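Engineer: Here you go, sequence then predicted model.
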Amino acid sequence: MDSSRKVDLKIIIIGSLGVGKTSLLHQFVHKTFYEDYRTTLGASILSKHITVDNNPLKLQIWDTGGQERFRSMVSTFYKGSDGCMLAFDVTDRDSFESLDDWREDFLEKIIPTEQDFPMVVLGNKIDLKERQVPKETASSWCKEKDIPYFEVSAKNDINVVQAFETLARQALSRYQGILENYLTDSIKLTPDDQPKKKCC
């Protein structure tokens, strides 16, 4: 693949209301802690150019509203995603317990459904004292599903870049795999697989 060509990847960040999705995004893109607590309505989009393993990437990151009443609207933004970031707040047990629902909802909307779709989980607000979700609990949930887990702080800029780069790397790898399959399939002269059974 021509490494001078920039690959565009769509990353979506989802999770419950108030877990700090917008703050995480601003920390990654602008290197600032965003303390405006207005709720994201629907989605907002930020872009960032990064290089991962010598591959120039343009990440288009979709920040989504976490309110329950926006859930059906938010799921319309999932289409065409290359990677998904699930965020929760380590000081809010409910936000962790709803990760299953967010993940299931996302995977249901991805066509074709991919259980190993590029994903990372972020446990945000580790700078706060009132922790409700032990690191071990979150780690074992992620391990079970084979998803990388990062303990992060948008406020103190802990592990934010690492989390985004890990997801970008996974998304790039999937993108390159799809591209290779597409190119391979388009130069095959005869199909390998005959239909398994004929109809009628």
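Structural biologist: Thanks, I have the structure now.
Engineer: Okay, and the closest residue to Asp89 other than its chain neighbours sits in which element?
Structural biologist: Counting by Cβ to Cβ, 6 or more residues apart in numbering, Asp89 lies nearest to Val19, which is 4.3 Å off, once chain neighbours are set aside. Every C-beta, even on glycine, is put in place using the N, C-alpha and C of the backbone. Using DSSP states H and E, Val19 sits in no helix or strand.
Engineer: Over to Glu136?
Structural biologist: Per DSSP H and E: helix 135-145 holds Glu136.
Engineer: Ranking helices and strands of this protein by mean pLDDT, which lands last?
Structural biologist: helix 71-75 (a mean of 69; mean pLDDT, DSSP states H and E).
Engineer: and the closest residue to Lys145 other than its chain neighbours, how many neighbours does it have?
Structural biologist: Computed as Cβ to Cβ, 6+ apart, the closest residue to Lys145 that is not its neighbour in sequence is Arg103, at 7.5 Å. If you count neighbours by other Cβ atoms under 10 Å, Arg103 ends up with 20.
Engineer: quick one on the thing from earlier: how much space between the residue nearest to Asp89 and Asn181?
Structural biologist: As judged by Cβ to Cβ, to the nearest Å, Val19 and Asn181 stand 35 Å apart.
Engineer: neighbour-wise, which of the two wins?
Structural biologist: Val19 (28 against 10).
Engineer: mind listing what that one touches?
Structural biologist: Taking Cβ atoms under 8 Å, 6 or more residues apart in numbering, we find Val19 in contact with 66, 87-89, 92, 95, 124-125.
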